[in-house]
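Q: Next input, structure requested:
(chains A and B)
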There are 2 protein chains.
Amino acid sequence: MNHYGYRDLRPGMKVSFDAVLDEEKLDMFRKITGDINPLHNDRSYAESKGYRERVVFGMLSASLMSTLAGVYLPGEKSLIQSVESKFIKPVILNDVITVTGEITDMNDSVQRIELKVTMTNDRGEKVLKGKMQVLVNG
Amino acid sequence: MNHYGYRDLRPGMKVSFDAVLDEEKLDMFRKITGDINPLHNDRSYAESKGYRERVVFGMLSASLMSTLAGVYLPGEKSLIQSVESKFIKPVILNDVITVTGEITDMNDSVQRIELKVTMTNDRGEKVLKGKMQVLVNG
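A: Predicted coordinates:
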């Protein structure tokens, strides 16, 4: 985990990490949210809709933004204030997702950074485009 | 689970449901995301920052929007296209969150609805304000 204070940060700073969105994570996310939609939980239903496997909950992919801010940029001193995400392509079970965040703006008066977020799958396709505003508490 | 098709939906339609964000959900969310930030995982750290208990991951609260669209409005035929959330007040471990979604706009040419989302805690405080665009696949 990183421990950046606001003064350690600069526009252009960038981090990346990978995550595999596997069956165990899909199951836990369903238990957390109660989202029993068959697109995410029933392979033959997903196939009937034209997917080769169950589709990963969009909000499960988006949840990796929690890790981006809370562990990497800025890490410990993170307080997420707002998040925007656009789901560009479906994430399919067992896709390896690369999450990249870059500081695009900084607001000194409230110690807030703005991150541009992109997520790509292991076939090089962009699956999610996002933006976050994060207060840096220290 | 609801099975609304696009033609069943109207602006002004509204749903609400409750969820308790408890320790088990916090633990599962940490396992899914790898977000080990101590604000969510260490009670005494959270207390040292002025909270009475661990703070629930903002993106865990936001994940209830998955349920809102995928189970309730429109339910089965939901394909979330984009999500915005603003975290207004921290959610504290074991808070009971009421999630409300209302259709504010409909785009007939692409069968897309727009939902206004609010989440309140059991002390009547608004904790999250959001917006979603959801394609209705059928």
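
Q: Which residue ranges of chain A form strands?
A: For chain A, the strands defined by DSSP state E occupy A:14-20, A:78-87, A:96-107, A:112-120, A:126-136.

Q: Next one: the spatially most distant residue from the centre of chain A from A:Phe29, what distance?
A: Going by Cα atoms, centre = their mean, the residue of chain A most distant from its centre is A:Ser48, 27.4 Å out. Using Cβ to Cβ, to the nearest Å, A:Ser48 is found at 22 Å from A:Phe29. C-betas here are computed from N, CA, C, even on glycine.

Q: My guess is A:Lys129 contacts A:Thr100. True?
A: No. Counting by Cβ atoms under 8 Å, A:Lys129 sits too far from A:Thr100 to count as a contact (10.7 Å).

Q: Count the neighbours of A:Ala46 for me.
A: Here the count is done by other Cβ atoms under 10 Å in any protein chain shown, and A:Ala46 has 20 residues near it.

Q: Chain B versus that one, what's the distance?
A: For A:Ala46, the distance to chain B (Cβ to the nearest Cβ, to the nearest Å) stands at 12 Å.

Q: where does chain A dip in pLDDT?
A: By pLDDT under 70, chain A contains no weakly predicted segment.

Q: Looking at it, which helix is longest?
A: helix A:23-33 (DSSP state H).

Q: who's in contact with that one?
A: A:35-36, A:40-41, A:54, A:56-57, A:59-60, A:63, A:93-94, B:19, B:25, B:28-29, B:31-32, B:60, B:63-64, B:66-67 (Cβ atoms under 8 Å, 6 or more residues apart in numbering or on different chains).

Q: If you count neighbours, what's buried in it?
A: For helix A:23-33, burial by neighbour count (16 or more other Cβ atoms under 10 Å in any protein chain shown) applies to A:Lys25, A:Leu26, A:Met28, A:Phe29, A:Arg30, A:Ile32, A:Thr33.

Q: try stretch A:37-47
A: Neighbour-count burial for stretch A:37-47 [16+ other Cβ under 10 Å]: A:Asn37, A:Pro38, A:Leu39, A:His40, A:Asn41, A:Tyr45, A:Ala46.

Q: Let me know the closest of these to chain B.
A: Distances from chain B to those, taken as Cβ to the nearest Cβ, are shortest for A:Asn37 (3.6 Å).

Q: That closest one contacts B:Leu68, correct?
A: No. Assessed by Cβ under 8 Å, A:Asn37 is found out of contact with B:Leu68, at 11.1 Å.

Q: between A:Lys129 and A:Thr100, what contacts are shared?
A: Contacts common to A:Lys129 and A:Thr100, judged by Cβ under 8 Å, 6+ apart, are A:Val117, A:Thr118, A:Met119.

Q: what are the phi and psi angles of A:Tyr4?
A: A:Tyr4 has phi and psi values of phi -60, psi 130 when expressed as degrees, to the nearest 10.

Q: Can you get me a residue count around it?
A: 18.

Q: what do you get for A:Arg52?
A: A:Arg52: 10 surrounding residues under other Cβ under 10 Å.
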